[in-house]
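In: sequence first, predicted model second:
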2 protein chains.
Amino acid sequence: MKVNAYAALKPNEKLESYSYELGELGSEQVDIKVAYCGICHSDLSMINNEWGMTEYPIVPGHEIIGEVIAVGKAVKNLKIGDKVGLGWMSSSCMSCEQCMDGHHHLCYDGESTIVGRNGGFADYVRGHWSWAIPLPDTIDMSKAGPLLCGGITVFSPILLGGVKPTDTVGVIGIGGLGHMAIKFLKNWGCEVVAFSSNPSKKEEILKMGASKVINSTSHEELESITGKLNFIINTTNVTLDWNSYLTALAPKGRFHTVGAVLEPLAIPAFSLIMGEKTVGGSPIGSPALTKTMLDFCVRHAIYPDVEEFPMTKVNDAIEHLKTGKARFRVVLKNE
Amino acid sequence: MKVNAYAALKPNEKLESYSYELGELGSEQVDIKVAYCGICHSDLSMINNEWGMTEYPIVPGHEIIGEVIAVGKAVKNLKIGDKVGLGWMSSSCMSCEQCMDGHHHLCYDGESTIVGRNGGFADYVRGHWSWAIPLPDTIDMSKAGPLLCGGITVFSPILLGGVKPTDTVGVIGIGGLGHMAIKFLKNWGCEVVAFSSNPSKKEEILKMGASKVINSTSHEELESITGKLNFIINTTNVTLDWNSYLTALAPKGRFHTVGAVLEPLAIPAFSLIMGEKTVGGSPIGSPALTKTMLDFCVRHAIYPDVEEFPMTKVNDAIEHLKTGKARFRVVLKNE
């Protein structure tokens, strides 16, 4: 089968039309007709080889919503016509310790949708059945794409980190991931404090459910919440004044980064010890957890704020995101 | 009442005989006749003002075992003749958020036994009733002192960190705290991996219950346990190759420091994110937790390996500890 896609041929250039041939379908694989695909910051990182693991040409896109059009012989839980989502991962070995324990996203031999293979800026995409997540019937497909990567990335620490409805939670960086974190936490029952370096977003952030917006460039504003937060989720990938945020944590508070900051975090041991605090991180979540999240989203009508571009305008969409104009997630639509 | 004690008059000098007058007993306080007092590394740090908060003369000593000889009017749970232990803390406000939540060791207005007041290298010591921990009847008082600070410091992360009997746990630094951690973990049912830079301790460490001793100065030996540990307790206060230890953790593994390393820990975000790992810390534990630990110690006959010196030989005892000869905790005895 021929796939029509958009690919980067080298770093820092516009994507170009690109087509490739999909080989024979593996017995555990499914093919998906792409309806929508979100654009995530890690697509940009991969397009520009910021992590040193890009193979060109690269077809980006890993926040995919679509319909199953072919299933391998061994696939038992999906059939042609099923609506599914495919996120950052497209395959896991199913037999390693992590897979057997339900943590397929930590698989020792997992495959990412856009690393060494072709992603979702295309009319078709292929994946292992385990990562083609069945969508709840009533989900809004036009907005669900970003939940498959950005959404599960912030949902996972909230659920697995044991965040309670009585907690006050900070969210650093109110972009694609951060704004979804606010919506989850609001529906969790938490008080939410947003940290943003962009004051122009303040009103929108309050509408999403934050009770307070702290200007993260203001030392005074940071100090005003000393000892108040039970949990902090960092969605940015830049070096911050880590100790200021540890100080903002209440005793037993937990700082959690999903932002892949390149420079090591400088964490004072005293700050951890005196308040029994922790610093942690996580990537996406397992297929089971992703399904749990989607059910929660449908129950509470939680969706990212999306701006839709036709797939053919992918370069305009990327430019929109790169220049910081996105409010708050960009989704490509196949027409 | 006159108290005879040993005090440091300035940094880096021998302790000298020193006596002082105890004022009127507060209604919530108790006076304790000191039978034994352990020597902790933080006594040495305080003697030499390494943390910049020492007031001279300082009477060190905060691993105290003794007998109640006077109780304030409002004290309900202790009576004259009761055997008690007094550790790093000697008072907490009892009314702040942390005290009310059972975390008296995180009290916003807590008092340490040797900060701004006189500790246990003395014949008598005073404290708030809440921190005079009643001892189980059958405890070996001659060995119990070090449990009150060093012991609870490593017991707390094991219990509150959710360490399970099926876990493989690393202990870094096999001195006073580390050797107690090994004994707790052995009785917890865990497989214990000890990290020591001193090969001469290997046989003793294996006897305590470790199944393996890793030479922490050997990169090869560190690499041999990549991905194997569910939990690591660091008892040292020097800068280590943090990422090597994060790499030694299994997915979802937790690194916990009780060692107050002065230089900030350099923690790569990718190491946290890709394996869902955390880095945390903690000080001592609450009075309730200390009582729980003492009951556990009696049930399993868990005691530190102690070397006893008469209180009058306090300077010899300190020298023994400073020169790395202690196997593994030094206790002073009032004769």
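Out: Nice, I can see it.

In: and for the most far-flung residue of chain A relative to its centre, nearest residue in space, chain neighbours not counted?
Out: Taking Cα atoms, centre = their mean, the residue of chain A most remote from its mean C-alpha position is residue A:274, at 32.9 Å. Spatial nearest neighbour of residue A:274, excluding adjacent residues (Cβ to Cβ, 6 or more residues apart in numbering or on different chains): residue B:283 at 6.2 Å. For every residue, glycine as well, the C-beta is placed using N, CA and C.

In: where does the one you found land on pLDDT?
Out: Residue B:283 is assigned a predicted lDDT (pLDDT) of 98.

In: contacting residues for it?
Out: Each residue near residue B:283 by Cβ atoms under 8 Å, 6 or more residues apart in numbering or on different chains is listed here: A:273, A:274, A:276, B:88, B:105, B:106, B:153, B:258.

In: hmm, which of the residues you listed are the buried ones?
Out: With neighbours counted using 16 or more other Cβ atoms under 10 Å in any protein chain shown, the contacts of residue B:283 contain these buried positions: A:273, A:274, A:276, B:88, B:105, B:106, B:153, B:258.

In: out of those residues, who's nearest residue A:135?
Out: residue A:276 (40.5 Å; Cβ to Cβ).

In: let me know the secondary structure of the residue nearest to residue A:274.
Out: Secondary structure, DSSP: H, G, I helix; E, B strand; the rest coil: residue B:283 is coil.

In: what backbone torsions are found at it?
Out: Dihedral angles of residue B:283 (phi, psi; degrees, to the nearest 10) stand at phi -90, psi -120.

In: and the next element down the chain from the lengthiest strand in chain A?
Out: The residue-count maximum for a strand in chain A (DSSP state E) belongs to strand A:29-39. For strand A:29-39, the following helix or strand on the C-terminal side (DSSP states H and E) is helix A:41-47.

In: against which helices or strands is that following helix packed?
Out: Judged by 3 or more Cβ pairs under 8 Å, 6 or more residues apart in numbering or on different chains; DSSP states H and E, helix A:41-47 is in contact with helix A:314-322.

In: re earlier: the longest strand of chain A pairs with which strands, and in what direction?
Out: Sheet pairing for strand A:29-39, assigned by DSSP bridges, gives strand A:64-71 (antiparallel), strand A:124-128 (antiparallel), strand A:329-333 (antiparallel).

In: so who does residue A:41 touch?
Out: Going by Cβ under 8 Å, 6+ apart, residue A:41 touches A:175, A:176, A:237, A:321.

In: and chain A, which of its residues are near chain B?
Out: Residues of chain A found near chain B (Cβ under 8 Å from any Cβ of the partner chain) are A:98, A:103, A:106, A:160, A:237, A:243, A:251-252, A:254, A:257-262, A:264-270, A:272-283.

In: put the buried members of those into a PyMOL selection.
Out: For the buried members of these, the matching PyMOL selection, counting by 16+ other Cβ under 10 Å, is:
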select buried, chain A and resi 98+103+106+160+237+251+252+254+257+258+259+260+261+264+265+267+268+269+270+272+273+274+275+276+277+278+279+280+281+282+283
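
In: restricted to helices, list the contacts of residue B:283.
Out: A:273, A:274, B:153 (DSSP state H).

In: so what's the first one up against?
Out: Right, residue A:273. By Cβ under 8 Å, 6+ apart, the neighbours of residue A:273 are B:257, B:258, B:260, B:281, B:282, B:283.

In: any idea how far it lies from residue A:251?
Out: 11 Å (Cβ to Cβ, to the nearest Å).

In: count the neighbours of the residue lying closest to residue A:327 once chain neighbours are set aside for me.
Out: In space, and not counting its chain neighbours, residue A:327 is closest to residue A:305: 5.9 Å by Cβ to Cβ, 6+ apart. Using other Cβ atoms under 10 Å in any protein chain shown, residue A:305 has 17 other residues around it.

In: ditto for residue A:239
Out: By other Cβ under 10 Å, 13 other residues sit near residue A:239.

In: burial count for the nearest residue to it once chain neighbours are set aside?
Out: On the basis of Cβ to Cβ, 6+ apart, the spatially nearest residue to residue A:239 that is not a chain neighbour turns out to be residue A:263, at 4.9 Å. By the criterion of other Cβ under 10 Å, residue A:263 has 11 neighbours.

In: give me the buried stretch members for stretch A:322-329, please.
Out: For stretch A:322-329, by 16+ other Cβ under 10 Å, it's A:326, A:328, A:329.

In: from memory the last one sits against residue A:305, does it?
Out: Put plainly, it is residue A:329. Yes: contact criterion Cβ atoms under 8 Å: residue A:329 and residue A:305 qualify, at 6.7 Å.

In: in which helix or strand does residue A:207 reside?
Out: Using DSSP H and E, residue A:207 sits within helix A:202-208.

In: who are the neighbours in contact with the closest residue to chain B within the stretch 101-250 of chain A?
Out: Closest to chain B within the stretch 101-250 of chain A is residue A:106: 4.7 Å, counting by Cβ to the nearest Cβ. For residue A:106, the contact set (Cβ under 8 Å, 6+ apart) comprises A:98, A:283, B:251, B:252, B:274, B:275, B:276.
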